[in-house]
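> this one's structure only:
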């Protein structure tokens, strides 16, 4: 498994959580529990928000699927149902049933940064198989959305190659000299982007860890008032 988190999100959220802990400790030492209690509640909710919104979200890429860990939910997109990847507002995975899911951890660049981000020819080659839409600066590897998009696409291409290799006989002789058998095997192999598997392509489940942290932070805030 390969995990993507924007470095800036990790740094900023760690700073916020560290500052919250430091402020709480200083107030506790200086004023005692009575004065520190309200501060604990406020610092707890700030730290919980920093963790759930910036430290926890990620894009996790496995051999056969991608998981988008967002603030309250985690979306799983199997490569067998992945149809395309876009990065207009953030990394967005589109499935073959028209459903889609965005990655909170991989936003596209804003207007100001977009002016300084230019895609090079090396980053976009129409001859190379890819699911990534050529939709502007968001696909550049200088951006969070671009890095995550290429990470997912590379894993998808590797999965597709391995799947195709396993489904195709290495030698026509494996089919008893009958070339039509080889052709039939290839014809019956559905590409992942056109598969018609039943059921929802993207499955979502609650992000229980973030929900628990947010609930605990809110509870401490309420109890401290």
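In hand now; what should we look at? As the structure is a computational prediction, the values presented were derived from the model and not from experiment. Numbers count the residues shown, from 1 in each chain.
> so what's the closest residue in space to residue 52 that isn't next to it in sequence up against?
Among residues not flanking residue 52 along the chain, residue 210 sits closest, at 4.0 Å (Cβ to Cβ, 6 or more residues apart in numbering). Glycine gets a C-beta too; all of them are placed from N, C-alpha and C. Counting by Cβ atoms under 8 Å, 6 or more residues apart in numbering, residue 210 makes contact with 51, 52, 56, 71, 72.
> before we move on, what about residue 61?
Neighbour list for residue 61: 1, 2, 3, 4, 67, 151, 152, 155 [criterion: Cβ under 8 Å, 6+ apart].
> Going by residue numbers, what spans are strands in this structure?
Along the chain, the stretches classed as strands by DSSP state E are 2-4, 58-61, 65-69, 73-78, 82-86, 90-95, 100-107, 203-206.
> can you redo the ones you listed as CSV with mean pLDDT and distance to residue 224?
Output for the strands of the chain, formatted as CSV (pLDDT from 0 to 100; distance: least, Cβ to Cβ, whole Å):
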stretch, mean pLDDT, distance to residue 224
strand 2-4, 96, 34
strand 58-61, 97, 30
strand 65-69, 97, 29
strand 73-78, 97, 29
strand 82-86, 95, 43
strand 90-95, 95, 35
strand 100-107, 96, 28
strand 203-206, 97, 26
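> okay, now residue 21: neighbour count?
Residue 21 has 13 neighbouring residues, counting by other Cβ atoms under 10 Å.
> Kindly report the same for residue 220.
Using other Cβ under 10 Å, the number of residues around residue 220 comes to 18.
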